[in-house]
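Peer 1: This is the structure alone, sequence omitted:
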């Protein structure tokens, strides 16, 4: 694994099953900041004094107006991102998945949320790393991965997926 990044973030993927039985995931079009224009999971920076679980609950509410009980989130792994050509973008992201919340998703200043069928993820509009691990996480698996982005800061130039059992359950 790569060294711990000083920039710690968290991301969540909320899922539901439509009336016709088709599973969906809540993603959002990023409107500001890093990744603007991409479709992303809900999440953001872990603030001083917060743990990842507290931070993701706060971020979900800030970005979508949904309220999630921390106990209703499954910690699904850790993804480390290295941006050698933009070091200040490098970060470690704790990944969560959940299927219980209160409220209806609403657009925020940061994200325009929308439901997407899990079998038709918009991977070509997401960060390039998502194709390597997001389907596994949405299928109930876990991820422990290192991703290095190339000079364009958009394309994964190297990646390594590790045994997710090396992570403690969260």
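Peer 2: Looks like it arrived, so ask away. All of these numbers come straight from a predicted model, not from anything done at the bench.
Peer 1: Can you tell me what sits against the lengthiest helix in the chain?
Peer 2: Looking across the chain with DSSP state H, the single longest helix is helix 52-64. Residues outside helix 52-64 that contact it (CB atoms under 8 Å, 6 or more residues apart in numbering): 8, 10-12, 14, 26, 28, 42-47, 50, 66-70, 73, 75, 94, 96, 101, 105-106, 108, 110-111, 113, 170. Where you see a C-beta, it was placed from the backbone N, CA and C, and this is true even at glycine.
Peer 1: Stretch 10-17 now?
Peer 2: 23-27, 40-44, 46, 52, 55-56, 59-60, 66, 68, 73, 76, 93-99, 101, 115, 118, 134, 137-138.
Peer 1: And stretch 106-123, by the same measure?
Peer 2: 15-16, 22-33, 39-40, 42, 44, 62-65, 105, 130-131, 134-135, 138.
Peer 1: Can you select the buried ones among the residues you listed for me in ChimeraX?
Peer 2: Buried residues among the contacts of stretch 106-123 (16 or more other CB atoms under 10 Å), as a ChimeraX selection:
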select :24,25,26,27,28,29,30,39,40,42,44,63,64,65,105,130,134,138
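Peer 1: Could you list which of the contacts of stretch 106-123 belong to strands?
Peer 2: Those of the contacts of stretch 106-123 mapping onto strands are 15-16, 23-30, 39-40, 42, 44, per DSSP state E.
Peer 1: Make a markdown table out of those residues and add pLDDT.
Peer 2: Output for these, formatted as a markdown table (pLDDT from 0 to 100):
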| residue | pLDDT |
| --- | --- |
| 15 | 98 |
| 16 | 98 |
| 23 | 98 |
| 24 | 98 |
| 25 | 98 |
| 26 | 98 |
| 27 | 98 |
| 28 | 96 |
| 29 | 97 |
| 30 | 96 |
| 39 | 98 |
| 40 | 97 |
| 42 | 98 |
| 44 | 95 |
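Peer 1: from these, which single one is nearest residue 156?
Peer 2: Closest approach to residue 156 among the ones in strands among the contacts of stretch 106-123 (CB to CB): residue 40, at 15.6 Å.
Peer 1: does residue 80 really touch residue 2, like I thought?
Peer 2: Yes: Residue 80 lies in contact with residue 2 (CB atoms under 8 Å); the separation is 5.1 Å.
Peer 1: Look at these two and report which has more neighbours.
Peer 2: Counted by other CB atoms under 10 Å, residue 80 and residue 2 do not tie: residue 80 has more neighbours, with 20 against 14.
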